[in-house]
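In: fold the following, please.
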Amino acid sequence: MPAPITPDAIAAANAPHEADLKRDYATLGERLSRRGIDIDAVKAKIAAFGVAVPSWGVGTGGTRFARFPGPGEPRGIFDKLDDCAMIHRLTAATPTVSLHIPWDRADPADLKAKAGSLGLAFDAMNSNTFSDAPGQPLSYKFGSLSHTDKAVRAQAVEHNLDCIEIGRAIGSTALTVWIGDGSNFPGQSHFSKALDRYLDAMREVYAGLPEGWRLFTEHKMYEPAFYSTVVQDWGTNYLIASELGPKAFCLVDLGHHAPNVNIEMIVARLIRFGKLGGFHFNDSRYGDDDLDAGSVDPYRLFLVFNELIDAELAGTDGFAPAHMLDQSHNVTDPIESLMASAMEVQRACACALLVDRAALAGFQEANDALMATTTLKTAFRTDVEPILAMARLEKGAAIDPLAAYRASGYRAKVAAERPAASAGGGGIV
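Out: Numbers count the residues shown, from 1 in each chain. You can find the predicted model right below:
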């Protein structure tokens, strides 16, 4: 493996910027103090905040039409963990990795040892019953957990139970289940029967959860099923989680909704009924684009965190959402995109911590729409970069992670060691 970036190299990259950062931080602290905000308290919250990196995110993504691999593509899970460690070393924001089975299948002892040597831990496990794995006896072409064939459903259940066992061995405490089950033509599938079959299968998965584990069910409006999807929206997802029991929660992927849907209100509703499990952070313009978090609509990301911080400050019972990135990097270096996204999620969190909650509540009670929305925008428009950068500096990470990464030459080093990947088509001509 390539030599990781050293603390001395990070310190050298930080040295030319440290004095300016400290001045910027002091200046921002004075401004926030006039608003009754303790900048050090906000910095402490950001320093403690982390978002998980998806193992699959460090490889180049693609579309249904084509994939154009970049240099130094990871050859397997151990290369992926090296790349994930680089992201965390430079940002101090991604302490955990979320694995995807069967893509990341390996001996659990080896996985745990490798992650430990890199200072990483494991987040939620992710099962795959939306594509067929080599040697798999039965196909998921027409569904998995909701398939009409009981044997296919049993195979999908067994796969999820296997993911739980791997997760138990490596220290994970959650399983995320997303299925592509649905239909592409009217009449192809019986809506109610498909949901009933899914629920029956998921009850078997739920029964296999160890003590202290949570099950995250994930909804998606379309793709690969374009006419109907079994778990198509947050309402159905909520009903599923309620049916399964107290260990089941809804996972919200920001790209899995219809255009113009008010995602922050969905978040508030799930919080209200105790079923918000966590997030897959990304951004979109048209659908499930899987773009970098905050790249298109950073205000929406802020509004989501406004609801999260509101619930946290209110002491909402059982409130413990998981945070993970879920992106596809088609034209950028995946490591750079994941670093940028992790910092963007932290930025949204920091801005939400600056909201004057008392003033906002007063304006809401008085039906003062303009002042209420202005209160939110005041927080959102505050440049919190000095807070994020100071939190990184104090944790031994980079003031400017992107610049430090490029200066390290890491991509060139791994490209010299990892065979070049071939481009592939998406199956559409």
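
In: quick one, what contacts residue 294?
Out: By CB atoms under 8 Å, 6 or more residues apart in numbering, residue 294 lies in contact with 283, 301, 341, 344-345, 347-348. In short, each C-beta sits where N, CA and C put it, glycine included.

In: what's the spacing between it and residue 100?
Out: In this view, residue 294 and residue 100 are 23 Å apart by CB to CB, to the nearest Å.

In: name the SS class of residue 85, please.
Out: Secondary structure assignment for residue 85 (DSSP: H, G, I helix; E, B strand; the rest coil): helix.

In: so for the closest residue to it other than its chain neighbours, what's the pLDDT?
Out: Nearest non-adjacent residue to residue 85, counting by CB to CB, 6 or more residues apart in numbering: residue 118, 3.8 Å away. We have a pLDDT of 97 for residue 118.

In: check whether residue 118 really touches residue 80, as I assumed.
Out: No - under the criterion of CB atoms under 8 Å, residue 118 makes no contact with residue 80, lying 10.9 Å away.

In: okay, the two: which has more neighbours?
Out: residue 80 (26 against 19; other CB atoms under 10 Å).

In: before we move on, the earlier item: JSON lines for the contacts of residue 294, including distance to residue 217, neighbour count and pLDDT?
Out: What follows is those, written out as JSON lines (distance: CB to CB, whole Å; neighbours: other CB atoms under 10 Å; pLDDT from 0 to 100):
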{"residue": "283", "distance to residue 217": "22", "neighbour count": "21", "pLDDT": "97"}
{"residue": "301", "distance to residue 217": "23", "neighbour count": "29", "pLDDT": "98"}
{"residue": "341", "distance to residue 217": "24", "neighbour count": "30", "pLDDT": "98"}
{"residue": "344", "distance to residue 217": "26", "neighbour count": "22", "pLDDT": "98"}
{"residue": "345", "distance to residue 217": "22", "neighbour count": "25", "pLDDT": "98"}
{"residue": "347", "distance to residue 217": "29", "neighbour count": "23", "pLDDT": "98"}
{"residue": "348", "distance to residue 217": "24", "neighbour count": "26", "pLDDT": "98"}
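
In: need the max-distance pair from the residues you listed.
Out: 283 and 347 (13.2 Å; CB to CB).

In: please enumerate the helices of the stretch 151-300 of the chain.
Out: 191-207, 234-244, 263-272, 298-313 (DSSP state H, counting those that start in this stretch).

In: tell me the mean pLDDT for the third one?
Out: So the one you mean is helix 263-272. Computed over helix 263-272, the average pLDDT equals 98.

In: list the buried residues for that helix?
Out: Neighbour-count burial for helix 263-272 flags 263-264, 266-271 (criterion: 16 or more other CB atoms under 10 Å).

In: can you list contacts of that helix?
Out: 234, 238, 250, 252, 254, 257, 276, 300, 303-304, 306-308, 311, 316, 319.

In: and the longest one, by the same measure?
Out: For helix 191-207, the surrounding residues in contact (CB under 8 Å, 6+ apart) are 143, 145-148, 153, 156-157, 160-161, 164, 175, 177, 179, 181-182, 215, 217, 228, 230-231, 236, 240, 243-245, 247-248.

In: just the buried ones out of these, please.
Out: 143, 145-147, 153, 156-157, 160-161, 164, 175, 177, 179, 181-182, 215, 217, 228, 230-231, 236, 240, 244, 247-248.

In: in strands only, show me those residues.
Out: Cross-referencing the buried ones among the contacts of helix 191-207 against strands under DSSP state E gives 175, 177, 182, 215, 217, 228, 248.

In: the fourth one bridge partners, please.
Out: What it means is residue 215. Judged by DSSP bridges, the bridge partners of residue 215 are residue 175, residue 248.

In: residue 248 is in contact with that one, correct?
Out: Yes - using CB under 8 Å, residue 215 makes contact with residue 248 at a distance of 4.7 Å.
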